[in-house]
Every structure is written in C-alpha cells, then in structure tokens.
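Peer 1: sharing a sequence plus its predicted fold:
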Amino acid sequence: MGEKGKGWLNSDSTSKFPTLASGNLTIAPRSPSKACTSTSYPPKVDKDLYDNSFKTNSVRNKLSMIPLRTSRTGRRLSAILLLILLGFAYTGLPITSTDAASIGPAQTQATTWISLESDYPEATFRDVEFINSSHGWVVGILYPNITRGGIILHTEDGGDTWETQLADDSQIFRQIEVVNDRTVWVTGLGRLYFTNDSGASWHTSLAGSNRLSTMSTVEFLNETHGWTATMQMLFKTTDGGQTWQNMTGWTFDDNPRDMHFLTEHEVWAIGYDGIYHSDDGAETWEKVFDKGGWSLSFPNEDEAWGVSDGYLLHMEQDHTWEELAVPGRLPSFRLRSPYCSDIQFIDDQHGWIVGDEIPVMHTPNGGSTWYQQSVPTDIGSRRMAVCFVDELHGWVVGYDGCILRTSAGGNLDMLLLSGQEDLLLIVIGTAGIAIALTIGILGLRWRRRRIRATRTGIDSKSTPEIL
C-alpha cells in the first residue's frame with residue numbers, strides 16, 4: 001500500500017488479526033475464544049452497574065412490547081365488536097325467504113312493497129279498505145299542515161288508477177267502514193258520510209249535536225245496525241243511519257277509536273285511555289285494560305292484538321291483556337317511540353303492523369317473530385293504515401301521499417327483535433359490549449404502565465417476577 005497505509009496494517013505472519021495502531025496507542029484484538037466467552041467492560045464502568053443497566057433495558061424492551069400489543073389488540077377487538085353491534089342495531093338480520101316465483105305479475109320491483117300514484121302527492125291518507133284484490137277506497141286530508149280538506153278515493157284495478165269520489169274542503173275524513181261492495185261509511189267532522197251505490201253518490205248522517213267534533217270511529221254489523229262515537233258519547237242506529245240513539249251504557253271519559261263485533265253480542269273497543277268489552281251487543285261496557293291505542297285486530301274469538309304509539313297489546317284466551325315491546329332492530333336500546341298506527345291479522349298466524357320507525361312489519365307465526373318488509377325509499381314519514389284481503393295482497397297508506405301495494409305479503413325481508421323472543425340475542429349483544437369495554441380498559445392500563453416504566457425505570461424487586 002502507499003504511504004497512507006503505513007502504521008495501520010501489521011504483516012506479522014503469526015497473528016490472524018491485524019494490529020491497529022494510532023500514534024503511541026496500540027490496541028490488540030482479543031483472541032477468538034475470549035470474544036465468545038467473556039464480556040469486556042468499558043473503562044471506568046463498574047461491572048455490577050453495567051450488568052444491572054443491561055438487565056433493566058432488556059426488561060424494559062420486553063415490557064414495552066406487551067402493552068403495545070395488548071393495547072393494539074384491545075382497540076382492534078373493540079372496534080370490530082362495536083361495528084358488529086352497530087350493524088346489528090341498524091340493519092337487522094337479513095333473511096329472504098320468499099321465492100321470486102311466488103311474486104305476482106304486478107310485483108316486479110325489488111322491494112316487497114311498491115308505490116302507487118294518485119293526484120294528491122301531498123295528502124295525508126288516514127285509512128284504506130279493500131273488499132277484494134281490485135276494489136277499494138282510501139280516505140284522508142288533502143293538504144299537509146291543514147286540519148281540513150277531506151278526500152275519498154276509489155279504485156277498481158287494485159290501485160293502478162284512482163277516482164276522486166268526494167272532496168270537501170270543510171271536512172276531515174279519518175276512518176272508513178266497508179259494509180259490502182255498495183255500502184260504505186266514512187267518519188267526518190260532526191257527521192258521517194255514506195254511500196249505497198259504491199260511491200256514485202254520497203250522503204250525510206248526523207249523530208249527536210256537536211258539529212265541530214270529529215267522529216272517532218264507525219262500525220256496522222250489517223246495512224242497518226251500526227255504531228259511531230264522538231265527544232265521549234257512543235251512538236247506535238238501527239235504520240241505516242236515519243236516526244241515532246245515545247248509548248248511556250258508555251260511561252267512560254274516552255272516545256272509542258276502533259270497534260269490533262266478534263258476535264252479535266260480544267264487542268270490543270279501544271280508546272285513548274283503555275280497552276273496553278261488552279257482552280250484550282254494546283248496551284253496557286266494562287273497562288278491562290288501562291292502556292289504550294289506535295286499533296285492534298282479532299285473529300279469532302280467543303286472541304287479539306292492538307297497537308299504540310309506543311307498545312303492542314296482546315290478549316290471550318282468558319281475556320287477559322298484556323303490554324309487549326314493539327318489534328325493532330334493537331328494542332332494548334330504542335331512543336324514540338316507534339309510532340305504530342295500525343295492525344291487522346287475517347288469521348291466527350299472519351299479521352302486519354304499520355307505523356313510523358318500521359314502515360311495515362310482518363309475522364308468519366302468530367307474533368313469535370316479526371320481520372321488516374322492504375319499501376321504496378321515498379314514501380314519506382308515518383304510515384297510518386293497512387288492509388290485506390289474503391296472505392299476499394295488501395295496501396298501506398300514510399303521510400305525503402303514500403299509497404303502497406304488495407302481492408307478496410308473505411315476504412320475510414329482515415328479522416326484527418321482539419322482546420322476550422330475542423332475549424338470547426340481547427344477552428349476547430350486552431356481553432359483547434362488556435368484553436369490548438374490558439379489553440379496552442386493560443389495554444389502557446398497560447399503556448399507562450408502559451409510559452410510567454419509560455419515565456421512571458423498572459423496580460429491581462419486580463424484575464425477576466416479570467422475567
């Protein structure tokens with residue numbers, strides 16, 4: 001090598017390693033055996049201090065990885081569980097059970113229910129009744145935020161087209177009673193409207209003296225015998241509405257919203273404040289339950305269902321009523337009222353409920369489980385009434401001109417939670433939340449220990465235990 005290499009490389013043939021020289025200081029390399037079997041300590045450093053420092057740093061490095069991994073794992077598990085629970089709460093469990101081949105020719109869209117058009121997209125439709133899959137009526141109010149403006153619509157093609165049979169700006173039409181294909185009654189403000197010719201002409205019938213109070217319900221047993229109510233009074237006619245008699249047996253400070261004759265003698269009614277029963281043809285009444293609602297439905301003489309804004313009502317064979325939770329995506333954590341409006345069972349197994357939170361829900365097994373049925377996205381807010389003529393064909397009406405129809409009424413689109421029937425799922429969800437919180441807390445504690453260990457060092461007494 002040149003001059004620059006002098007003093008750096010020693011060519012002594014007896015050494016396997018070169019001797020490095022720098023000025024007057026010569027540093028000889030250790031032999032291979034010494035390099036593998038001993039530890040060289042820096043000058044002026046105490047051996048015990050060096051060993052303790054080495055052990056402390058090793059422990060610190062090991063401990064620093066434990067909380068880091070635990071914290072990251074906890075956060076990941078917490079995030080996964082939270083996403084699962086949120087998805088479970090907001091989307092439910094999708095279960096499609098109806099084959100596309102069972103859907104009739106009118107049901108061609110992806111949703112179970114389809115929207116029907118009328119000339120009144122801003123109307124609030126309050127009730128709907130069909131006598132078969134083609135022939136029906138809808139009643140409501142013409143304009144939103146206006147308390148009057150009654151309208152009666154009629155269809156003969158299942159709702160593909162609608163005819164305006166009556167429009168009265170001074171009226172409020174709320175409920176419809178179809179006695180047969182020719183005789184129909186509608187509640188109005190201070191009076192009733194009726195037709196005996198399928199709506200070709202409409203007439204009025206006065207019950208009571210108050211012309212500013214809305215008739216809350218109308219129910220006819222046949223063409224001549226019927227009942228209506230207003231101002232906490234119940235009225236009866238036996239001549240097709242020509243005259244009305246005040247029924248003094250109704251002694252409650254309540255208006256019946258819905259009445260049902262199971263036989264000529266046994267009658268049920270639901271009002272704002274309770275459920276009422278009569279076994280003498282509506283002559284005298286007994287209050288049997290202290291909570292009321294909007295409507296009743298009787299699958300048979302021994303069972304009944306009812307709905308209100310915030311709960312379901314159910315009656316068993318012994319005429320005992322109970323309050324039930326409204327089916328929902330996660331009923332135990334509901335933050336607002338579901339606002340149910342109407343219920344209908346066509347037999348002891350198949351029933352439907354309509355409202356605000358869940359537009360349409362269906363049970364195929366007598367209320368043991370409930371399923372949300374799919375609807376178009378632009379149907380407005382609250383649904384007010386439902387009518388089915390068989391298991392497949394049904395109609396729903398509500399706010400913002402909403403008229404829906406289905407020919408696949410048995411579809412089970414999305415499983416809903418319904419109180420006691422889904423107790424196991426609720427327990428599992430609660431346990432998942434508890435596990436996520438526990439993992440998150442443990443991860444946070446380990447992270448805090450890591451920070452303290454980094455700042456203050458490790459206690460020598462705990463070092464052997466950790467190692």
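Peer 2: That came in fine, so what should we check first? Residues are numbered from 1 along each chain as shown.

Peer 1: hey, where'd the helices end up in this structure?
Peer 2: Shown for the chain, the helices assigned by DSSP state H span residues 32-37, 47-91, 423-456, 463-466.

Peer 1: so what's the residue nearest to Gly199 when sequence neighbours are not counted up against?
Peer 2: In space, Gly199 comes closest to Gln165 once its chain neighbours are excluded; the distance is 4.2 Å by C-beta to C-beta, 6 or more residues apart in numbering. C-betas here are computed from N, CA, C, even on glycine. For Gln165, the set of contacting residues under the criterion of C-beta atoms under 8 Å, 6 or more residues apart in numbering consists of Trp137, Ile152, Leu153, His154, Thr195, Gly199, Ala200, Trp202.

Peer 1: residues touching the second one, list them.
Peer 2: Pointing back at Ile152 there. 137-139, 164-167, 173, 176, 186, 193, 199, 202.

Peer 1: how about the residues you listed in a markdown table, adding distance to Val360 and pLDDT?
Peer 2: Supplementary listing: the contacts of Ile152 in a markdown table, determined by distance: C-beta to C-beta, whole Å; pLDDT from 0 to 100:
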| residue | distance to Val360 | pLDDT |
| --- | --- | --- |
| Trp137 | 20 | 98 |
| Val138 | 16 | 98 |
| Val139 | 20 | 97 |
| Thr164 | 26 | 97 |
| Gln165 | 26 | 97 |
| Leu166 | 28 | 97 |
| Ala167 | 28 | 95 |
| Phe173 | 23 | 95 |
| Ile176 | 20 | 97 |
| Val186 | 24 | 98 |
| Tyr193 | 28 | 97 |
| Gly199 | 27 | 96 |
| Trp202 | 30 | 97 |
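
Peer 1: and which of those residues is nearest to Asp302?
Peer 2: Proximity of the contacts of Ile152 to Asp302, judged by C-beta to C-beta, is greatest for Ile176, which lies at 27.5 Å.

Peer 1: pretty sure that closest one contacts Glu129?
Peer 2: Yes: the pair Ile176 / Glu129 is scored as a contact, 4.9 Å apart, by C-beta atoms under 8 Å.

Peer 1: hey, what's in contact with both of those two?
Peer 2: Contact with both Ile176 and Glu129 is made by residues Trp137, Val184, according to C-beta under 8 Å, 6+ apart.

Peer 1: ok, the two, which is more surrounded?
Peer 2: Summary of the neighbour comparison: Ile176 and Glu129, criterion other C-beta atoms under 10 Å, with Ile176 having more neighbours (23 against 19).

Peer 1: so the more buried one bridges to which residues?
Peer 2: With DSSP bridges applied, the residues forming beta bridges to Ile176 are Val186.

Peer 1: and if you look at Glu219?
Peer 2: What pairs with Glu219, by the bridge criterion (DSSP bridges), is Trp227.

Peer 1: residue contacts, it?
Peer 2: Glu177, Gly226, Trp227, Thr228, Met259, His260, Phe261.

Peer 1: once you drop chain neighbours, what's closest to the second one?
Peer 2: Nearest in space to Gly226, with sequence neighbours left out and distances taken as C-beta to C-beta, 6+ apart, is Phe220 at 3.8 Å.

Peer 1: burial of that neighbour, as a residue count?
Peer 2: 23.

Peer 1: can you list the buried residues in stretch 399-407?
Peer 2: For stretch 399-407, the buried set under the neighbour-count rule, 16 or more other C-beta atoms under 10 Å, comprises Tyr399, Gly401, Cys402, Ile403, Leu404, Arg405, Thr406, Ser407.

Peer 1: redo the residues you listed as JSON lines? Include pLDDT and distance to Thr243.
Peer 2: Output for those, formatted as JSON lines (pLDDT from 0 to 100; distance: C-beta to C-beta, whole Å):
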{"residue": "Tyr399", "pLDDT": "94", "distance to Thr243": "37"}
{"residue": "Gly401", "pLDDT": "94", "distance to Thr243": "38"}
{"residue": "Cys402", "pLDDT": "96", "distance to Thr243": "38"}
{"residue": "Ile403", "pLDDT": "97", "distance to Thr243": "36"}
{"residue": "Leu404", "pLDDT": "97", "distance to Thr243": "39"}
{"residue": "Arg405", "pLDDT": "98", "distance to Thr243": "39"}
{"residue": "Thr406", "pLDDT": "97", "distance to Thr243": "41"}
{"residue": "Ser407", "pLDDT": "96", "distance to Thr243": "43"}
